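Participant: 3D, please:
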Amino acid sequence: MVYRTGKVARLLGVSKVTVIRWIRNGRIKAVRLGKEYRIPEDEVRRLLKGKTTNTAIIYARVSSSDQKEYLEKQIEYLKKYCSARGYNVVDVLTDIASGLNEERRGLRKLIDYVVNGKIDVVVVSYRDRLTRFGFKYLEEFFKSHGVRIEAVFGEEPRNIQQELVEDLIAIVTSFAGKLYGVRSRKKRRVVESVKQAIRDC
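Facilitator: Now for the predicted structure:
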């Protein structure tokens with residue numbers, strides 16, 4: 001007996017596109033019939049049996065190098081979390097950068113893992129360790145590749161303010177630069193006004 005890719009996708013709880021991608025990169029054994037793939041029953045059983053064994057990536061981030069101790073604490077806790085759940089951690093990715101920075105090396109490598117179908121779950125301490133804005137879009141993108149995100153603590157606690165302040169200043173600086181020019185005096189005045197307002201709070 002053989003299964004169509006759509007049926008296997010429903011059994012595994014992933015998209016049909018993900019199943020085809022896994023076939024092409026060798027994660028799933030299949031036979032080709034014309035333009036379509038068929039997956040043998042014993043392979044489907046193997047996949048369902050292994051479904052409970054999650055291949056995981058740990059991702060941790062801080063905004064500046066003086067927070068390295070906090071970065072290590074994130075990693076240590078997340079390793080214990082994964083171990084307690086029986087996850088097979090294949091890599092630990094880190095970034096020292098703002099959550100607004102889309103060019104983070106660790107984040108780019110994480111996306112490569114997701115796109116290539118090499119992992120089942122991404123484990124982070126808080127949602128905004130992955131991204132300050134647009135988390136839902138990233139979550140949907142990962143989900144379309146059969147990968148879920150587990151944010152152990154959910155939202156960032158309110159007492160962590162410095163990183164939020166830095167992100168706010170980065171946003172204002174970017175927009176003011178686009179409106180008034182990167183080197184304009186007006187841009188510098190706007191940014192300085194925001195910094196002063198924050199100091200006065």
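
Participant: only C-alpha atoms for contact and neighbour calcs from this point on.
Facilitator: Will do.

Participant: that's a helix at residue 42, yeah?
Facilitator: Yes. Assessed by DSSP: H, G, I helix; E, B strand; the rest coil, residue 42 belongs to a helix.

Participant: ok, it - contacts?
Facilitator: Residue 42 makes no contacts at all, as judged by C-alpha atoms under 8 Å, 6 or more residues apart in numbering.

Participant: assumed residue 92 was part of a strand.
Facilitator: Yes. Counting by three-state DSSP, residue 92 is located in a strand.

Participant: got the domain ranges for this structure?
Facilitator: Domain ranges of the chain: 2-51, 53-151, 162-200, per automatic domain parsing.

Participant: endpoints of stretch 26-36, how far apart?
Facilitator: Using C-alpha to C-alpha, to the nearest Å, the gap from the first to the last residue of stretch 26-36 comes to 16 Å.

Participant: ok, residues contacting it?
Facilitator: So stretch 26-36 is contacted by 19, 22-23, 37-40, 43 (C-alpha under 8 Å, 6+ apart).

Participant: mind running it again at 10 Å?
Facilitator: The contact list for stretch 26-36 (C-alpha atoms under 10 Å, 6 or more residues apart in numbering) reads 2-5, 19-24, 37-40, 42-44, 46-47, 116-118.

Participant: ditto for stretch 74-86
Facilitator: In contact with stretch 74-86 (C-alpha under 10 Å, 6+ apart) are residues 52-62, 68, 70, 72-73, 87-89, 92-94, 123-126, 151-152.

Participant: just the buried ones from the contacts of stretch 26-36?
Facilitator: Neighbour counting by 16 or more other C-alpha atoms under 10 Å classes 3, 5, 19-23, 37-40, 44, 47, 117-118 among the contacts of stretch 26-36 as buried.

Participant: which ones among these lie within helices?
Facilitator: Assigned to helices by DSSP state H, the following of the buried ones among the contacts of stretch 26-36 qualify: 5, 19-23, 44, 47.

Participant: can you pull the contacts of the residue nearest in space to the middle of the chain?
Facilitator: Centroid-nearest residue in the chain, with C-alpha atoms, centre = their mean: residue 130, separated by 5.3 Å. Going by C-alpha under 10 Å, 6+ apart, residue 130 touches 59-61, 95, 98-100, 102, 106-107, 110, 122-124, 138-139, 149, 151.

Participant: swap in residue 121?
Facilitator: Taking C-alpha under 10 Å, 6+ apart, one finds 54-58, 87-89, 114, 142-143, 146-150 in contact with residue 121.
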